[in-house]
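# Any chance you can model this:
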Amino acid sequence: MVNYYQEGVLTSQISEEDLNKLTQISSGPAVSIFMDTQRIGIRPRRDQIKLKNLLAQAEKDLLSQGHRPTEVNKLLEPARDLLQNTIFWKYQGEGLAIYLGVGFSAIYRLPFSVKEGVFTGRHFHLKPLLPLFCYYWRFYVLALSQKQARLFRGSPYHLEEVTTINLPQGLEEAVSEEPAKTLSFYNLGRGGKRIFHGHGGLEESLKDKLRQYFQKVDHALNEFLAEEKIPLVLASVEYFLPIYQKANSYPHLLDAVVSGNPDKMKSDKLQAAAWAVVAPYFQQERERDQAEYQKLHGTGQTSNQISEIVIAAVQGRVKTLFVALDQECWGVFDPEKLIVEIRENDPSPGNVDLIDTAASWVFKQGQKVHAVNANQMPDQSPLVAIFHY
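Numbers count the residues shown, from 1 in each chain. Below is the predicted model of the structure:
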């Protein structure tokens, strides 16, 4: 996990490996703390007091569960150290997530606000992090110019350059036998039609060179992406798009393009432009899954029963899961005996949020999770599933 600064906010870049580590904690005691925070330089003392109160609640809960005071103090120590860390509080995002376990601690600055709360038990509470890891919110951006080709991983909140892919670095490197000609354009008339010129326009020989360049980019992409099904957004000048589309063999390249020279775009602008392109795609995917749920409803391949879904999640039978981020359902779950006891509105220490439990299991198995608000769920249940069988 690393932190990075963007548009006046410092947030944590949390990897799927980080989330997998959190899902592996299963013996307790495990403490999960969530709170909203103020952006950079805005009333840091208020946030320190808020965390102090949440830690007091965590201590009370742990002691009531029979944990020794020395054990509790050691467990909470990494978070208590933050109370006097003035530099830490000067640089925040919109929310804060703190995970404390035996010999383990993780502190994440979040790019969105979270519901305040303290959760203690055998497992960490992961549901507030799901917006960062929803299957349908991941995408790639191919930033393509004559000078370089770069690949980025994207989300609604982050854009991270991929450094482990071997892309050809520009037209000259890809077509080294002859110096590349420089393309330029200007706008003509009210229609804004672009006229390209080098020596008399975009010559066929230059198009051939671009095709060779793009074919090498496509080959590197397909080696790297392999069996991925994540959408790819092209960021380039517009006249690259039809040429690249002919060279492309990755089946999930979107038709829309982030128009302009990506070399001149700051990362936050590139991320925002790419998200604007890809967001309708994700909306359509969620609507397709909702339609599939409605179509299969009553066939035994769907469920809105929380107990049934939790058990199916452990068994690996869930294909698609809809989770209401703004709702909770408390209870007890024994994963070995596959017994679920619902206690609904009882967040007492020892109970778990069964919605969080199901989502964690489905995520671990690499299946699709739609994390939405209650008014976006396919029906009135806070947990809805489509089964493989």
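# didn't residue 174 look like it was pressed against residue 219?
No - the criterion here is C-beta atoms under 8 Å, and residue 174 misses it with residue 219 at 10.5 Å. Backbone N, C-alpha and C define where each C-beta goes, glycine included.
# the more surrounded of those two?
residue 174 (20 against 15; other C-beta atoms under 10 Å).
# Buried ones in stretch 95-114, by neighbour count?
Residues of stretch 95-114 classed as buried by neighbour count (16 or more other C-beta atoms under 10 Å): 95-101, 106-111, 114.
# and the nearest residue to residue 62 once chain neighbours are set aside, what does it touch?
The shortest distance from residue 62 to any non-neighbouring residue, by C-beta to C-beta, 6 or more residues apart in numbering, is to residue 72 (4.6 Å). Contacts for residue 72 (C-beta atoms under 8 Å, 6 or more residues apart in numbering) come out as 59, 62-63.
# In contact with the residue nearest to the spatial centre of the chain, which residues?
Nearest to the geometric centre of the chain sits residue 132, at 3.0 Å (C-alpha atoms, centre = their mean). Residues counted as contacts of residue 132 (C-beta under 8 Å, 6+ apart) are 14, 19, 110, 155, 157.
# closest to residue 333 among those?
residue 19 (19.5 Å; C-beta to C-beta).
# ok, that closest one touching residue 131?
No - Residue 19 is beyond contact range of residue 131, at 11.9 Å (criterion: C-beta under 8 Å).
# Ignoring the adjacent residues along the chain, who's closest to residue 346?
residue 330 (5.0 Å).
# how close does the one you found get to residue 352?
Distance of residue 330 to residue 352, given as C-beta to C-beta, to the nearest Å: 7 Å.
# Between those two, tell me which one has more neighbours.
With neighbours defined as other C-beta under 10 Å, residue 330 and residue 352 compare such that residue 352 has more, 22 against 19.
# Now do the more buried one against residue 326, distance only.
Counting by C-beta to C-beta, the gap from residue 352 to residue 326 is 18 Å.
# hang on, residue 98 is in a strand, isn't it?
Yes - assessed with DSSP: H, G, I helix; E, B strand; the rest coil, residue 98 lies in a strand.
# What is the nearest of the contacts of residue 132 to residue 233?
Closest to residue 233, out of all of the contacts of residue 132 and judged by C-beta to C-beta, is residue 155, at 12.4 Å.
# Burial check on that closest one, number of neighbours?
Neighbour number of residue 155 under other C-beta under 10 Å is 20.
# List the residues that contact the nearest residue to it once chain neighbours are set aside.
The shortest distance from residue 155 to any non-neighbouring residue, by C-beta to C-beta, 6+ apart, is to residue 137 (5.4 Å). Applying C-beta under 8 Å, 6+ apart, we find residue 137 in contact with 131, 155-156, 282.
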